[in-house]
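J.: how would this look folded up:
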Amino acid sequence: MQIWVTLMQLGVENVIHGNIIGGVNPKLNYDDLMIIDDFIDLKPNHPQSILPYFYKGKPLTLRRLSTRMNPVLCPELRRVMYDHSLKFHHAKVYYGGTLVQTRTGRWETPAEVRMIRSFGGDLVCTQDGTYIVYAKQASIHFATLQYVMNFAEGIRPLDTPTTSPMGFQRISESMRKTLLESLVSLKGLRHKCGCFPLQQRR
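T.: You can find the predicted model right below:
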């Protein structure tokens, strides 16, 4: 949480991110990349807002607390990352998808995974959904690369629990090149995406 409060205090405008993740959608394969455009939060035990920490000692008005979550992630940053990932990634790239965040401390059960699939989840995580919320609250444009490292419980047999060592190496190279090239291309970007229609720069 503190890092997002710090980014907010520094006036950071753009954050791009990458992670390796668990696949829920059976169409996904090891090493596939999804540039998500939505998420579902099933982690009610996690702090829901950074704003009380940013506005410590100040009144939390309705305007300050109102955070519109549409678009969920910055479409302009997502497009930049998609264009660069097509140049660098060795497996399939999906433009759009839904990430589902669950509780930390354990993997999801097969029944929970079936539930997640039933309402349209493509990937599962334990942290990245929170980053999306904090970025929105901080008025920071945010987008993320999600690489499939393994499959959620019950999706496939567990004879091969994760991608291969070569897969990890190639994912690392893809993520590094895509993030760096995307970052370079953001120089001088003036957003027209409407990510914060109800908020001025906090």
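J.: and the closest residue to Arg117 other than its chain neighbours, what pLDDT?
T.: Closest residue to Arg117 apart from its sequence neighbours, by Cβ to Cβ, 6 or more residues apart in numbering: Val24 at 5.6 Å. Yep, even glycine has a C-beta here, placed from its N, CA and C like the rest. Looking at Val24, its pLDDT reads 95.
J.: same thing with Asp159?
T.: pLDDT for Asp159: 67.
J.: cool, Gln127 as well?
T.: 89.
J.: do the same with Pro44
T.: Per-residue confidence (pLDDT) for Pro44: 69.
J.: tally of neighbours for Pro47?
T.: Neighbourhood size, Pro47 [other Cβ atoms under 10 Å]: 11.
J.: and Pro110, backbone torsions?
T.: Phi and psi for Pro110, reported as degrees, to the nearest 10, are phi -60, psi -40.
J.: That one: neighbour count?
T.: 12.
J.: now do Met166
T.: 10.
J.: before we move on, what SS does it have?
T.: Under DSSP: H, G, I helix; E, B strand; the rest coil, Met166 falls in the helix class.
J.: ok, Phe151 to Ser172 distance?
T.: Distance of Phe151 to Ser172, given as Cβ to Cβ, to the nearest Å: 20 Å.
J.: Who has more neighbours out of these two?
T.: Phe151 (23 against 13).
J.: so the more buried one touches Gly23, yeah?
T.: Yes. Between Phe151 and Gly23 there is a contact under Cβ atoms under 8 Å: 5.0 Å.
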